[in-house]
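Novice: how would this look folded up:
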Amino acid sequence: MSTIRVRFAPSPTGFLHVGGLRTALYNYLFARNHGGVFILRIEDTDRNRFVPGAVENLIRTLAWSGLQYDEGPVVGGPKGPYIQSERLTLYRECAERLVREGKAYYDFVDSEDDEEREKGDEGENVPPAVARRANLVDAGEVERRLRNGEPAAIRMKVPDGATITFADVIRGQLEFASDLVNDQVLLKSDGYPTYHLANVVDDHFMEVTHVIRGEEWLPSTPKHILLYEYFGWGKPVFAHLPLLLNPDRTKLSKRQGDVAVEDYQKKGYLPDALVNFIALLGWNPGDERELFTIEELIRAFNLERVGKSGAVFNLDKLNSVNKHYMRTKSDQELARVVRPVLEEGGITGFSDQYLEQVVRLTKERVTKLTDFKETADFFFADPERYDEEARKKSWKGESPKYVRAVLDSLRGLASLPAPAVEALVRQTAEQLGVSPGKLIHPLRLALTGRSTGPGLFELMEVLGKTTCERRLERALHVFV
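Specialist: Purely as a prediction, here's the structure:
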């Protein structure tokens, strides 16, 4: 059996869509499951939509997601180059071959404008075949006009009255009437190929065995089948993935929420959590499991369990998965990825050891990395304000007396280990003849500015003796 070779082939037109990440992930999992090769190919032939820096962003985002490609830009490989704009000579040779064999023809009439009108949005249904061949001219006229330098595109000749069939791993046997397929532009007059020609040529010469892509490309597949047949090349196995949907079951779009992988990265989602979540948007492992490491996904993944129906992008589910990963990471691991988030928010000047202690006390209370900036802010700066509702609830008439008593007792300790602090607070409460809660609530408010948070005694140990004494004195001064 030949080596499995799959590719992820994004266009550098902006940020990486989460649907694109899922396509990359399924290709990656399939390749790894079969001991195959995962290729990254940049399809940059649509120069009108090219965004500078998008290629670098795509590579950076894939690296953040943990999806390491085997062949592609930067890393190279035996089938390169892996950027389509560097393969223009090959596309022209292939298009001109089809013209010589009578399977394509030159079109001198507004060819690029026609192409833009025909293709619509990427992968959407195209209109039925149009009378392009009314523009056909004899060979001598073609040669004369080309010699005169007239711009011309090359179009594929689609047979009349034929049925185009192919098998799809996910959708079964499919049929398309050729009369509903237009004479597709293959090579534009500027020398750049359309997606259809470049896609087929590259998949052939890069020896791609399986084409795993979104269902929006399904209407384009009959054109690709014809090209494989025209060239006399073997066809890859096709698998068209279901759409990602908003909760209202419309196509996932920016209008209803974030769609770029970078949006979720900036919001503090962990890459392994996002990958785990996206893996289950369309693929069913065959049991009730919802949490997978990447190694477990590789072992379990197969195309046969990918469904046809659109998959709803449920943010609550993503949050739940991310919470799980936040809690299962070691304090050291989590501190390492939290640090740049805090520093970007202006929170600096703390040691790794201190941050690990903060993470240990607060990670059960956060959903995303960015939540630490608000949930744990009092670990890095004295509270500038005190929650008014917490103040009404926690600071009563006798509270200054209780806080002062604890403060005076703290001065006798060299440091604040949690067990010693707990014993001191309980002993002080007993001496005052009140329950420990009468002390704990105003102490928390004075130290953090709020009524909820980590255990008070562990909190005080991490803050340290100097900080606790300073904050308690300030609260006694403010709450007069």
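Novice: got the buried residues for stretch 178-191?
Specialist: Ser178, Val181, Asn182, Asp183, Gln184, Val185, Leu186, Leu187, Lys188, Ser189 (16 or more other CB atoms under 10 Å). In short, each C-beta sits where N, CA and C put it, glycine included.
Novice: swap that for stretch 431-448, please
Specialist: Result for stretch 431-448 [16+ other CB under 10 Å]: buried residues Pro436, Lys438, Leu439, Ile440, His441, Pro442, Leu443, Arg444, Leu445, Ala446, Leu447, Thr448.
Novice: OK, contacts around the second one?
Specialist: For Lys438, the contacting residues are Lys396, Glu398, Ser399, Tyr402, Ala429, Leu432, by CB atoms under 8 Å, 6 or more residues apart in numbering.
Novice: same thing with Lys308?
Specialist: Ile170, Arg171, Pro242.
Novice: helix, strand, or coil at it?
Specialist: Per DSSP: H, G, I helix; E, B strand; the rest coil, the secondary structure class of Lys308 is coil.
Novice: pLDDT value on it, please?
Specialist: According to the prediction, Lys308 has pLDDT 94.
Novice: quick one: it and Leu241, what's the gap?
Specialist: Distance from Lys308 to Leu241, counting by CB to CB, to the nearest Å: 10 Å.
Novice: which neighbours do the two have in common?
Specialist: Ile170.
Novice: how far away is Gly77 from Glu71?
Specialist: Where Glu71 is concerned, Gly77 sits at a distance of 3 Å (CB to CB).
Novice: between these two, who's got more neighbours?
Specialist: Glu71 (19 against 16; other CB atoms under 10 Å).
Novice: about what we covered before: common neighbours of Gly77 and Glu71, please.
Specialist: With CB under 8 Å, 6+ apart, Gly77 and Glu71 have common neighbours Ile39.
Novice: give me the element Leu197 is part of.
Specialist: helix 195-205 (DSSP states H and E).
Novice: which parts of stretch 3-12 are buried?
Specialist: Result for stretch 3-12 [16+ other CB under 10 Å]: buried residues Ile4, Arg5, Val6, Arg7, Phe8, Ala9, Pro10, Ser11, Pro12.
Novice: who are the contact partners of the first one?
Specialist: Think Ile4. Ile4 touches Phe30, Ala31, His34, Gly35, Gly36, Val37, Thr209, His210, counting by CB under 8 Å, 6+ apart.
Novice: who wins for neighbours among the residues you listed?
Specialist: Going by other CB under 10 Å, Ala31 tops the contacts of Ile4 with 26 neighbours.
Novice: need the contact list for it.
Specialist: So Ala31 contacts Ile4, Arg5, Val6, Val37, Phe38, Asp70 (CB under 8 Å, 6+ apart).
Novice: apply 6 Å and report the result again.
Specialist: Contacts were defined as CB atoms under 6 Å, 6 or more residues apart in numbering; by that measure Ala31 touches Ile4, Val6, Phe38.
Novice: just how off-centre is the helix holding Leu197 within its chain?
Specialist: Centroid separation between helix 195-205 and its chain, computed with CA atoms, centre = their mean, to the nearest Å, is 26 Å.
Novice: what packs against it?
Specialist: Contact here means 3 or more CB pairs under 6 Å, 6 or more residues apart in numbering; DSSP states H and E; on that basis helix 195-205 packs against helix 88-100, helix 221-231.
Novice: okay, buried residues for the longest one please.
Specialist: What it means is helix 88-100. In terms of neighbour count (16+ other CB under 10 Å), helix 88-100 has its buried residues at Leu88, Leu90, Tyr91, Arg92, Cys94, Ala95, Leu98, Val99.
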